[in-house]
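1. sequence below, structure please.
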Amino acid sequence: MARITVGVNDRGARIGEDHPRATLTDHDVELMRQMHEVEGIGYKRLARMFDTSVAQVRNICLYRQRAQVASNWKTLAE
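-> Prediction:
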């Protein structure tokens, strides 16, 4: 049986790419934010590049989504 370690928030919920419904990796999120903030690429173009919705890109770039930092780690049996 494989064991994995995942990041969790204060309430013990999985966050970031470790969340079961996550479609983007943490690296993708950081890259998306950098491309928007530094290079000025728009939400629509980023949505096409990362194959996601414009609303999700906007929320990620405005730090409404994927803005939590792991406060603890949990080991799970897979």
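2. now do the helices in this structure.
-> 26-37, 43-50, 54-61 (DSSP state H).
3. adding mean neighbour count, write those helices out as TSV.
-> (Glycine included, C-beta is placed from N, CA and C.) As requested, these are arranged in TSV below (neighbours: other CB atoms under 10 Å):
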stretch	mean neighbour count
helix 26-37	16
helix 43-50	16
helix 54-61	18
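4. okay, these in CSV with distance to residue 7 and mean pLDDT next?
-> Formatted as CSV, the helices of the chain follow (distance: least, CB to CB, whole Å; pLDDT from 0 to 100):
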stretch, distance to residue 7, mean pLDDT
helix 26-37, 9, 97
helix 43-50, 21, 98
helix 54-61, 17, 97
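5. distance to residue 17 for these - can I get that in CSV?
-> Output for the helices of the chain, formatted as CSV (distance: least, CB to CB, whole Å):
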stretch, distance to residue 17
helix 26-37, 5
helix 43-50, 13
helix 54-61, 13
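6. these: which one's closest to residue 71?
-> helix 26-37 (15.4 Å; CB to CB).
7. what sits up against the closest one?
-> Here helix 26-37 makes contact (CB atoms under 8 Å, 6 or more residues apart in numbering) with 16-17, 24, 41-43, 46, 50, 57, 60-61, 66.
8. what about the residue lying closest to residue 19 once chain neighbours are set aside, distance to residue 71?
-> Closest residue to residue 19 apart from its sequence neighbours, by CB to CB, 6 or more residues apart in numbering: residue 13 at 7.8 Å. Applying CB to CB, to the nearest Å, the value for residue 13 to residue 71 is 11 Å.
9. same check, this time on residue 21
-> Separation of residue 21 from residue 71 (CB to CB) stands at 20 Å.
10. equivalent analysis for residue 51, please.
-> Taking CB to CB, one finds residue 51 at 30 Å from residue 71.
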